[in-house]
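Novice: Got a predicted structure plus its sequence, pasted below:
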Amino acid sequence: MDAVRWSLVVPAKRLGAAKTRLVPLTGGGPGVHADLVLALLADTVAAARDCAAVADVVVVTDDERAAATVRALGARTVPDEPDRGLNPALAHGARASGGDAVAALSSDLPALRSDELAAALAAATAPRCFVADAAGTGTTLLTASGVPLDPRFGRGSAAAHAAAGAVPLAGGWPGLRRDVDTPADLAAAVHLGVGAATAALLPRLPRPAA
Ligand SMILES: Nc1nc2c(ncn2[C@@H]2O[C@H](COP(=O)(O)OP(=O)(O)OP(=O)(O)O)[C@@H](O)[C@H]2O)c(=O)[nH]1
Ligand SMILES: C=C(OP(=O)(O)O)C(=O)O
């Protein structure tokens with residue numbers, strides 16, 4: 001049997017409005033803050049595109065700079081519709097992907113490794129599965145095979161996905177689980193080893209990440 005090849009859907013709201021919890025590191029000005037948010041996205045998309053189990057990466061965004069960057073990395077983009085927040089945007093991206101095996105991936109995984117992503121996708125044999133974040137409360141990957149994605153991202157999403165019948169995946173996968181919401185998360189990602197875009201940005205932060 002041929003290995004399953006996945007369509008990944010990655011959400012990215014406008015760079016300047018995203019990741020406000022990282023303002024203590026960036027100062028929040030239009031330059032470095034947006035550049036850091038974009039670097040996190042670029043490293044996530046680059047690792048996803050490098051994964052042999054991934055056929056297609058679809059980024060849901062209205063941010064022109066983010067769109068240009070991810071297209072240069074080989075992703076497709078679709079507009080941020082229906083403009084009702086994260087979960088409707090992910091459902092829209094999943095429908096636009098056209099695939100039977102679809103997964104939503106967080107856009108803030110700078111330490112993601114393509115071999116970890118491949119292992120998680122290979123383990124996702126139930127109709128709907130998820131990978132909890134390092135804290136165990138959020139979600140970094142939600143998979144759906146032959147069923148609608150039914151995303152329930154947001155605070156407490158790991159419990160929400162489990163309550164909706166998704167199966168938690170138990171692999172170690174430290175880079176896949178290390179989403180970056182806070183300065184401490186970025187320090188932890190740097191400790192694991194971040195991708196080239198985030199590594200290049202670190203010296204420009206007004207405050208050191210680690
Ligand atoms: N396309 C799209 N992406 C979204 C939307 N809302 C959130 N996201 C993305 O989903 C991810 C998680 O969103 P949140 O947890 O709300 O994070 P955030 O708002 O960027 O961060 P904070 O301001 O620090 O809470 C981020 O990568 C966002 O860019 C949306 O309406 N549309
Ligand atoms: C939206 C989520 O993530 P965060 O707010 O941690 O980025 C989530 O884990 O469902």
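Specialist: That came through, no problem. Ligands and ions are numbered 1, 2, ... in the order given.
Novice: quick one: A91 from L149, how far?
Specialist: 6 Å (CB to CB, to the nearest Å). No exception for glycine: its C-beta is placed from N, CA and C like everyone else's.
Novice: Touching the helix or strand of the chain with the lowest mean pLDDT from outside, list them.
Specialist: Ranking every helix and strand in the chain by mean pLDDT, DSSP states H and E puts helix 23-26 at the bottom, with a mean of 92. Residues from elsewhere that reach helix 23-26, judged by CB atoms under 8 Å, 6 or more residues apart in numbering: 32-33, 36, 183, 186, 205-207, 209.
Novice: C-alpha coordinates for it, PDB please?
Specialist: Only the C-alpha atoms of helix 23-26 are listed here, as PDB (Å, rounded to 0.1, in the frame of the first residue of the first chain):
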ATOM      1  CA  VAL A  23       6.100  41.800  22.800                       C
ATOM      2  CA  PRO A  24       8.300  41.700  26.000                       C
ATOM      3  CA  LEU A  25      11.000  40.300  23.700                       C
ATOM      4  CA  THR A  26      10.500  42.300  20.600                       C
END
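Novice: check contacts around the nearest residue to R128 once chain neighbours are set aside.
Specialist: Spatial nearest neighbour of R128, excluding adjacent residues (CB to CB, 6 or more residues apart in numbering): A166 at 4.2 Å. Contacts for A166 (CB under 8 Å, 6+ apart) come out as 126, 128-130, 142.
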